[in-house]
Each structure stands twice: as C-alpha cells, then as structure tokens.
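K.L.:
Just the structure for this:
(one chain, ligands or ions: 1)
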Amino acid sequence: MKRITTIILLLFITVSTLAQNNVTPESTELYVNLEKVTPGEQGSAPSDAIVLFDGTSLDAWQSKVFSVGGSMRDMAGRIPGFTAEGNGGPAEWEIRNGELVVKPGTGYIETKQGFGDVQLHIEWLAPSAEGKSGQGYSNSGVFFMGLYEVQILNSYENPTYQNGQAASVYKQHIPLVNASKPVDTWQTYDIIFMAPKFSDKGTLVSPARITVFHNGVLVQNNVELLGPTVYIGTPHYVAHSDKLPLALQDHSDPMRFRNIWIREL
Ligand code: MG
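P.N.:
Residues are numbered from 1 along each chain as shown. Just a heads-up that it's a prediction; the model follows:
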C-alpha cells in the first residue's frame, strides 16, 4: 500500500512539474530542412558524393606533386620504386577492365581537387604474387591530404608489424582487429577523416582523427593522429592548408582499385 502511494505521489509530482514548465513531448521535437541524399546500391556512390573513379577515366587524378615536403619525401630512396618527384602531370596508372591499376614506378597519384573533412569509400584488391612477404606483399595506401596514410596491404596470413598492416594508421594506430580477406579478393574501406586544424599562427588547435571500417568491420574508432605519416622517426605536425589532395601510393605493386567516391563533410 505504501509503495502504491509513493508511485502515485511521484506521478503527481512529475505531471505537475511538466505542466508548470509547459514541457510537452513536442517541445523537444526538432523540425529542420534536411538535405536529401539518395543512397548508393551496394557501396556505389550516394547522390551527393564526388566520384573519383567509376571505371572509365582518370580525369579526377594527376601524378602527385610533392609540394608539402617532409614525410613522404623522407621515404624516397628507401622504398624500391618510390619516387618523390611527381610533377602534377597526367596520372600514369592504367585502367584495365574498369579497374584502376598501379603502374609500378610511376609514382603516387593524387586528386586534382583538395579535401579536408571527408567520408571516403574505396575498394581495393591485393594481387597474389610469388615470393613476396610482409610490407613487400601488395602494398599501397590512402594518404588523406597527401600526408596521413591508412595502410593498404595484403594482411591475410601475411605477418608484418601490426601498426603497419592493412587498416593501420601507418606506424601510429594498430587496427582493432584484422578483417582482411585473402589476396585476389575485393576489399572495402569506408573511412571518416577529420582534418587537423591550425591557428593563424600555425599552432595545432586539434589533431587529425580517423575512423575506419574494413570490409564493414570497425577497425579504427576515431583515433587521434600524432602528425603526418613518417617511415622513420616520430611524427609531428606542420601547419598546412585546410584542403589538400587525396593521394594513392605506388609501392611497386600492381594493386587494383575500383569504385572510389568521397563526400565532403
Ligand atoms: Mg603503404
């Protein structure tokens, strides 16, 4: 009896409080004009995405210009086939059967357009090869702003250091799990990249952050980057533009890509 009395009293207090404050269900329901986006079918681009590669042309891409200096330039000469002397001329990778294929030795390619905060979808395939292992077995990478690498690598029964395997933020963050598929199989990355922010004086206001789904599995959960990717040593930030091209790595392997699209956030 005492319990029922207590419940009735609580209900009375709640109702009278709501009435006093004029709080109604509707008072916390928001109506705004949301932009309409038509989702893509099976990973294809939604209606508001910028299509970077749909199997027909490399118009969105050029040979990488190394104008920022530092990180990737440091890698030149240390990785077979790597060149840090891109010229901004036409992308020299090939289109075969509607796929974008790395032409080893021609260097990185980058988008002509610069991007800051983005959602990226990219599909990639690591081809099988005899006698290759570790970092040397089907390596590429997505470089956000040309500086921050999410590793692309055959990591299906191909051991390497875990902070350098597929879906790692190279040498900064180990993926939560290994969601790799075997070689010669198409794989997907869906990535949210938040660009670092710098003050007018060039000091870091907020670091870059990355969330990665590998084949639909969460593998990087809003991790904070220490700075641009470096092969040797410790990363550190250097102030740069709000928007910079997205780059794909030529690491001397004939990696294949398809269905690449990006949404500005
Ligand atoms: Mg790589």
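
K.L.:
So what's the residue count around the one residue in the stretch 1-150 of the chain that gets nearest to the ion?
P.N.:
Here the stretch 1-150 of the chain gets closest to the ion at one residue, residue 141, 3.2 Å apart by CB to the ion. (Glycine included, C-beta is placed from N, CA and C.) Residue neighbour count, defined by other CB atoms under 10 Å, stands at 22 for residue 141.

K.L.:
for it, which residues make a bridge with it?
P.N.:
residue 151 (DSSP bridges).

K.L.:
Tell me which helix or strand in this structure has the weakest average pLDDT.
P.N.:
helix 71-75 (a mean of 51; mean pLDDT, DSSP states H and E).

K.L.:
Quick one: name whatever helix or strand follows that helix.
P.N.:
strand 94-96 (DSSP states H and E).

K.L.:
Are there helices or strands packed against that next one, and which ones?
P.N.:
With contacts defined as 3 or more CB pairs under 8 Å, 6 or more residues apart in numbering; DSSP states H and E, strand 94-96 has these neighbours: strand 99-101.

K.L.:
May I have the strands that pair with the strand it packs on, each with its orientation?
P.N.:
With DSSP bridges as the test, strand 99-101 is paired with strand 94-96 (antiparallel), strand 256-264 (antiparallel).

K.L.:
Distance to the ion, mean pLDDT and mean neighbour count for those strands - can I get that in a markdown table?
P.N.:
Formatted as a markdown table, those follow (distance: least, CB to the ion, whole Å; pLDDT from 0 to 100; neighbours: other CB atoms under 10 Å):
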| stretch | distance to the ion | mean pLDDT | mean neighbour count |
| --- | --- | --- | --- |
| strand 94-96 | 19 | 98 | 13 |
| strand 256-264 | 13 | 98 | 20 |
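
K.L.:
Within range of the ion, give me the residues from the stretch 151-265 of the chain.
P.N.:
Contact residues, the stretch 151-265 of the chain versus the ion (CB under 5 Å from the ion): 151, 249.

K.L.:
ok, which stretches of the stretch 151-265 of the chain are strands?
P.N.:
For the stretch 151-265 of the chain, applying DSSP state E, counting those that start in this stretch gives strands covering 186-194, 197-198, 204-206, 209-214, 217-224, 244-248, 256-264.

K.L.:
And the stretch 1-150 of the chain, by the same measure?
P.N.:
50-53, 61-63, 94-96, 99-101, 109-115, 118-125, 139-144, 148-153.

K.L.:
Check those strands for me and report the most buried one.
P.N.:
Burial of the strands of the stretch 1-150 of the chain is given as mean neighbour count (mean count of other CB atoms under 10 Å); strand 148-153 ranks first at a mean of 26.

K.L.:
Tell me the predicted confidence for the closest residue to residue 128 other than its chain neighbours.
P.N.:
Counting by CB to CB, 6 or more residues apart in numbering, residue 128 lies nearest to residue 183, which is 4.2 Å off, once chain neighbours are set aside. Looking at residue 183, its pLDDT reads 98.
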